[in-house]
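> fold the following.
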Amino acid sequence: MSAKKTLTKEDNKVELGESSNVIGEELKKLLNAETGIQSDEQIKENKKQVKKRKVEESRKIHESVLPEVVNETDTQLTTEKQKARFQELESEIGTGLGDIESGTMRIAVALTEIREEKLYRSEYSSFQVYCEERWNLSRGYCNKLVDGLRVYRNLEMKIEPKLLPESVNTVVDLSSLPGDKQVLVFRKGLKEAGKKGNGKKPTRQSLKLIADIEKEKINGRMTKESQSRNQQSRKVTVKKNLVLYNL
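Below is the predicted model of the structure:
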């Protein structure tokens, strides 16, 4: 015969308390459902869902702005075209070096494209290394040719073709001048050369002299403007001091 368990008052209180808690939670859930009030668990769950949606939206946006996948065949084709073009330009440089006096234009055009397109990168770490190791030319000389070509192309838009120089070396000293001043200097050079007759074109030396004079004028104007600004600044400072000390 099994012994009958006797419940004490304390046991009854515990059972009643547990039952009350369960009933209270159920009532709370019903009340929240009717009134629209969320429990702490529901709030946490909603936060998780919101965070999950944000992550998903962020992923979709990121995917939408990613660049299109480049076809490996297209990349190889581009590289092959670049290599072929690089070889063509190097051939032009080699031909130009064979006659350095008349070949500078050819060399300058090729070097400009090689530098701008960075075609040297497959074999050389920099344009300077390429010029020195491949052609035994200094970077400064190559850059001068490129700068001279830039001047030449600027002159092409303003000067008659038959009057243009045959070599970019002729106009390389004009590269530091603004575009309009380059044209002005070259026209002055043409005028000076015309005085000598025989339809001569300006030499590099004559253009350099004219360019230097133009640079001095520009620097002189800049110096005068700077001096004028300094004088104005000093006058303002003096006036402020007079007002400050009631003089």
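> how many neighbours does Arg204 have?
17 (other Cβ atoms under 10 Å). C-beta: built from backbone N, CA, C; applies to glycine.
> domain parsing of the protein, as residue ranges.
Following automatic domain parsing, one gets these domains for the chain: 77-137, 159-247.
> quick one: Trp135 and Glu92 touch, right?
No: contact criterion Cβ atoms under 8 Å: Trp135 and Glu92 do not qualify, at 12.0 Å.
> the helices in this structure, which residues?
Counting by DSSP state H, the chain has helices at residues 9-35, 40-65, 72-98, 100-117, 127-135, 139-156, 179-195, 204-244.
> lowest mean pLDDT across the domains of the chain, which one is that?
Ranked by mean pLDDT, the domains of the chain bottom out at domain 159-247, with a mean of 80.
> excluding chain neighbours, what is closest to His150?
If you look again at residue 150, you'll see it is Arg, not His. Ser175 (6.6 Å; Cβ to Cβ, 6 or more residues apart in numbering).
> doesn't Leu149 make contact with the one you found?
No: using Cβ under 8 Å as the test, Ser175 is too far from Leu149 to be in contact (9.5 Å).
> quick one, which of these two is more surrounded?
Taking other Cβ under 10 Å, Ser175 and Leu149 do not tie; Leu149 has more neighbours (22 against 18).
> state the distance from that one to Pro161.
16 Å (Cβ to Cβ, to the nearest Å).
> surely Asn96 and Gly103 touch.
Quick fix: residue 96 is Gly, not Asn. Yes: counting by Cβ under 8 Å, Gly103 is a contact partner of Gly96 at 3.2 Å.
> which of the two has more neighbours?
Using other Cβ under 10 Å as the criterion, Gly96 and Gly103 rank with Gly96 on top: 20 against 17.
> so what's the residue count around Leu89?
Counted with other Cβ under 10 Å, Leu89 comes out at 21.
> one more: Gly140?
10.
> and it, what's its pLDDT?
Confidence score, pLDDT, at Gly140: 92.
> tally of neighbours for Phe127?
When neighbours are counted by other Cβ under 10 Å, Phe127 comes out with 20.
> didn't it look like it was pressed against Arg121?
No: under the criterion of Cβ under 8 Å, Phe127 makes no contact with Arg121, lying 9.2 Å away.
> next up, the contacts around the nearest residue to Gly179 once chain neighbours are set aside.
In space, and not counting its chain neighbours, Gly179 is closest to Asn154: 5.1 Å by Cβ to Cβ, 6+ apart. Going by Cβ atoms under 8 Å, 6 or more residues apart in numbering, Asn154 touches 179, 182-183.
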